[in-house]
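K.L.:
quick check, what structure comes out for this input:
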Amino acid sequence: MEKHITLLGVLHIVYHAIGAAVGVAIFALLSTIACIADDPDAAIVLTIVGTSIAVFLLLLTLPGIIAGIGIIRRRSWARILGMVVGGLGLIDIPLGTALGVYTFWVLMHDDCMKLFK
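P.N.:
Model prediction:
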C-alpha cells in the first residue's frame, strides 16, 4: 500500500500541475495576441480574459497539488483533502474520473487509514 500512496500523491501533483501549466499557457497565448493586435481595446480584453482564466485554473489546481504533497508526506489532513479533490475530479472525464476512482480506492483502504493516523 506504501507504493500506491506515493504513486497517488505523485499523480495528483502531476495532473494538477498540468492543469496549472495549461492556465499559464492560455495566459501567455492571449497576452501575446494582445501585444500583436493593433486594436487597443482588443488588447485590454484579451489581457483581462487571459489573466482571469490563468488565475481561475491556478486556484482550481492548487488544492490538488497541496493534497498530493500531503499524501506523499502521509499527513492526516491530506487524506481528507485528497478525497475531496478526487471527488470533485470525478466529473472531469476520463482522466479526472480515473484519478478520482483510484484516489478513493487507495485512501479508503484499511491499511491506508492506519498509515495516515
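
K.L.:
what mean pLDDT does the helix or strand in which Ala43 is found have?
P.N.:
Remark: Ala43 resides in helix 40-72, with elements defined by DSSP states H and E. Averaging pLDDT along helix 40-72 gives 94.

K.L.:
the inter-axis angle of the longest helix along the chain versus helix 40-72?
P.N.:
Assignment by DSSP state H gives helix 2-36 as the longest helix of the chain. Relative orientation of helix 2-36 and helix 40-72, computed by axes from the mean of the first three to the mean of the last three CA atoms, to 10 degrees: 170 degrees.

K.L.:
show me the residue at the heart of the protein, geometrically.
P.N.:
Centroid-nearest residue in the chain, with CA atoms, centre = their mean: His16, separated by 2.5 Å.

K.L.:
how much space between that residue and Ala25?
P.N.:
15 Å (CB to CB, to the nearest Å). Just so you know, the C-beta spots here come from the backbone N, C-alpha and C atoms, and that holds for glycine as well.

K.L.:
contact partners for the residue nearest to the centre of the chain?
P.N.:
Counting by CB atoms under 8 Å, 6 or more residues apart in numbering, His16 makes contact with 61-65, 68, 85.

K.L.:
for the residue nearest to Gly70 when sequence neighbours are not counted, list the residues it contacts.
P.N.:
Leaving aside its chain neighbours, Gly70 sits nearest to Ala78 (2.6 Å; criterion: CB to CB, 6 or more residues apart in numbering). Applying CB under 8 Å, 6+ apart to Ala78 gives the contacts 66-67, 69-71, 116.

K.L.:
read off the pLDDT value for the nearest residue in space to Ile91 that is not next to it in sequence.
P.N.:
Distance criterion CB to CB, 6+ apart; nearest residue to Ile91, sequence neighbours excluded, is Thr97 at 7.7 Å. At Thr97, the model reports a pLDDT of 94.

K.L.:
just checking, Thr97 touches Gly86?
P.N.:
No. Judged on CB atoms under 8 Å, Thr97 makes no contact with Gly86 at a distance of 9.8 Å.
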